[in-house]
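In: build me a model:
(one chain, ligands or ions: 1)
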Amino acid sequence: MPRGRFITFEGGEGTGKSTQARRLSARLRELGISVVETREPGGSPAAELIRKIVLSGAAEPLGPSAEAMLFFSARDDHLETVIRPALERGDWVICDRFVDSTRAYQERAGKVSGELMRALERSVIGDTWPDLTIILDIDVETGLERARGQSGGAGDRFEDADLDFHKAIRTAFRAIARREPNRCVLVSAHREPDAVAEEIWKKVSDRFDLSEWTGEAAAAGASESGETDSE
Ligand code: TYD
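Out: Sure thing, here's the model as predicted:
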């Protein structure tokens, strides 16, 4: 079984990322691919503790650099205990938010220095960069309206930030998609979830040879080795 593939979903508030991550995971599983569905901040017991601290706003007085370091501490544990072992087993990992959220929320909108960010990325992520990052894009007002509708108005530390902060986040995500076209695809979320899911499926199935991970490949592999044995 080859190493699994690592796909991340990114975007501002109310883009429907989590729904799309779930739908993609379900579709891959239907083909017999083993999928680990996870999220950030969080995804491992220790990282979920840090999630509580950052999303409650308790770390806000420490400033955006310290918050960024907390996100990376959580990420370090998540990578070490969940993501890397899964990829090595041949599982696919679908993660709702990852490093591009820190780039957008803390670096761009929170003005954390690029120097600190690159150092954290090098030491924590190393070479475990996503194979594909799907950035969902939506107009900020529409996204916030959707997000606040879902949370009943009780937002977290970041959802409650002002409009300019959210505009900076959208600009940051769009810039990341432009700068890293090999890793990232920008997908418009101004449509019905079914249409968005179809576009995402097309990007994923065009990019990866899924038969390497499905039963089909296992069956082909078995018959090939059968032939070798009989020679
Ligand atoms: P979450 O409840 O997972 O919401 P969403 O549905 O928007 O993903 O909240 C995660 C929040 O944390 C979200 O507002 C973005 C923020 N965040 C950062 O600021 N930096 C990060 O590195 C990550 C992963 C998330």
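
In: any chance you could map the helices in this structure?
Out: Here the chain has its helices, by DSSP state H, at 17-30, 45-56, 64-78, 84-89, 99-101, 114-120, 140-150, 163-179, 193-207, 215-230.

In: for the ligand, what are the nearby residues on this protein?
Out: By Cβ under 6 Å from any ligand atom, the residues of the chain that approach the ligand are 13, 17-18, 40-41, 55, 71, 97, 101-102, 105-106, 156, 158-159. For every residue, glycine as well, the C-beta is placed using N, CA and C.

In: looking at the helices of the chain, which is buried most?
Out: helix 99-101 (a mean of 24; mean count of other Cβ atoms under 10 Å).

In: quick one: list the elements packing against that helix.
Out: Under the contact criterion of 3 or more Cβ pairs under 8 Å, 6 or more residues apart in numbering; DSSP states H and E, helix 99-101 touches strand 6-11.

In: direction included, what does the strand it packs on pair up with?
Out: The strands that strand 6-11 pairs with in its sheet are strand 92-96 (parallel), strand 132-137 (parallel) (by DSSP bridges).

In: now do that strand against helix 193-207, angle only.
Out: For strand 6-11 against helix 193-207, the angle by axes from the mean of the first three to the mean of the last three Cα atoms, to 10 degrees is 140 degrees.

In: what mean pLDDT does strand 6-11 have?
Out: Per-region confidence: strand 6-11 scores 98 on mean pLDDT.

In: gap between it and the chain center?
Out: Its chain's C-alpha centre and that of strand 6-11 lie 3 Å apart, by Cα atoms, centre = their mean, to the nearest Å.

In: which stretches of the chain aren't confidently modelled?
Out: Under the criterion pLDDT under 70, the flagged ranges of the chain are 153, 216-231.

In: about what we covered before: as JSON lines, the strands paired with strand 6-11 with distance to Gly114 and mean neighbour count would be great.
Out: As requested, the strands paired with strand 6-11 are arranged in JSON lines below (distance: least, Cβ to Cβ, whole Å; neighbours: other Cβ atoms under 10 Å):
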{"stretch": "strand 92-96", "distance to Gly114": "23", "mean neighbour count": "25"}
{"stretch": "strand 132-137", "distance to Gly114": "19", "mean neighbour count": "22"}
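
In: wait, which of those strands is closest to Ile33?
Out: Nearest to Ile33, of all the strands paired with strand 6-11, is strand 92-96, at 5.7 Å by Cβ to Cβ.
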